[in-house]
Each structure stands twice: as C-alpha cells, then as structure tokens.
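K.L.:
What follows is a predicted protein model with its sequence.
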Amino acid sequence: MNTIATEIFPYWYGTKWSFSSMTRTPQKGRIACGYFITNVLTDVGFNIPRIKWAQSASEVFIKILSKKEIKRFMNKPITDVEEYLINSGNGLYLVGLDSHTGFIYVDQNKVRFIHADYYEPEKGVVSEKLNSYSPIAHSKYRVIGKLMSDLMIVSWLKNERIS
C-alpha cells in the first residue's frame, strides 16, 4: 500500500481529467476518475473487470473489494470523515462520492485524497487534503472501504479474478 501511494500515484499526477477518458499511460491523454482507480488497481496486479468497474457506480466495486470494512457518511462534515479514517489506521481506502471516486491514503495521521480532479481538469490527478476545495469536501454522500483485506491479498497472490 505504501508502494502504491509513493511510487504508483506520482506517475499519474498531472494526468488531465476528462469525462469518459481512459488513457492507460500516465501523463499522456486524459483520464476520468473511475478509470484512474481501475488502472491503478490493474497496474499493481489485481485481476478486475477494469472497464466495467470504471463505468459503474463506485459503491459497486468498493463493496466487492472492501467486503465488511465499509463506512457510509450522509450529510456529515468532512471532519467526521477524517476522524474516522485516522481512527481506522494507516492504509489505502477507496471512496465513492455523489458523482466521483478516488483513493484516500492514511499515513501517520496524515490523510490525502488522490483523484482525477474534475474541479480543475487541467490539473488532473492530484493528491490533496480532505478539506481542500475538492469533491470529497463538498459531497453529501461518501462511502469508504479499506483496501488490502486478507481476501483481497489472497486473490491478488493467486491472480484470481475479482468480480
């Protein structure tokens, strides 16, 4: 999970956002939020239905990947979300919003939202604080699932299709 945050995400930073865009190459072309998520997961070796999930509601794949470790927030301040994440511990999370998706990375009480930013499409993929001017801070609905459960790791090691 540290490798994804420190070595994979940086390749994608600056890849411009565009609705329905699906570049497979960081820094070339444009990418939508769902494709950013599924590209990263595929690139690190998870056998998932990349295109199908990228085009679905994020809660669909969050439930599949996170199993029981899911938390929903409805009309709650972003400070409640951040407190939950810090108390849940270091790790990589997926988050689904009203009309967006991204990763959340928690490391030593620092919480970052990594996503293909449609607020500033030319900035594209960014890492920002939760309370920044971003979709996560303004969303009324947030569903969060922690990644890298034992079941997810076993599927990854066995190269089993997760669907």
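P.N.:
In hand now; what should we look at? Numbering: from 1, shown residues only.
K.L.:
Could I get the full set of strands for the protein?
P.N.:
Along the chain, the segments classed as strands by DSSP state E run 16-17, 30-31, 70-74, 91-96, 101-107, 110-117, 124-129, 141-146.
K.L.:
would you turn these into a markdown table with mean pLDDT?
P.N.:
Shown next, in a markdown table, are the strands of the chain (pLDDT from 0 to 100):
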| stretch | mean pLDDT |
| --- | --- |
| strand 16-17 | 96 |
| strand 30-31 | 96 |
| strand 70-74 | 96 |
| strand 91-96 | 96 |
| strand 101-107 | 97 |
| strand 110-117 | 97 |
| strand 124-129 | 97 |
| strand 141-146 | 96 |
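K.L.:
okay if I get those as a markdown table plus mean neighbour count?
P.N.:
No exception for glycine: its C-beta is placed from N, CA and C like everyone else's. Below are the strands of the chain laid out as a markdown table (neighbours: other CB atoms under 10 Å):
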| stretch | mean neighbour count |
| --- | --- |
| strand 16-17 | 20 |
| strand 30-31 | 22 |
| strand 70-74 | 14 |
| strand 91-96 | 23 |
| strand 101-107 | 22 |
| strand 110-117 | 22 |
| strand 124-129 | 20 |
| strand 141-146 | 21 |
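K.L.:
looking at those strands, which is closest to W156?
P.N.:
strand 91-96 (13.0 Å; CB to CB).
K.L.:
who does the closest one pair up with?
P.N.:
The pairing partners recorded for strand 91-96 under DSSP bridges are strand 101-107 (antiparallel), strand 141-146 (antiparallel).
K.L.:
And those: which comes nearest I114?
P.N.:
Nearest of those (CB to CB): strand 101-107, 4.4 Å.
K.L.:
For the closest one, give me every contacting residue.
P.N.:
With CB atoms under 8 Å, 6 or more residues apart in numbering as the test, strand 101-107 has contacts from 1-2, 4-5, 9, 33-34, 36-37, 40, 58, 85-86, 88-95, 111-116, 127, 130, 135-136, 144.
K.L.:
low-confidence ranges in the protein?
P.N.:
1, 149-150 (pLDDT under 70).
K.L.:
Repeat the analysis, applying 90 as the threshold.
P.N.:
Along the chain, segments meeting pLDDT under 90 span 1-3, 5-6, 20, 66-69, 148-163.
K.L.:
Dig out what the residue nearest to the spatial centre of the chain forms beta bridges with.
P.N.:
With distances taken as CA atoms, centre = their mean, F103 lies nearest the centre of the chain, 2.4 Å away. In this structure, F103 bridges to L94, I114 when assessed by DSSP bridges.
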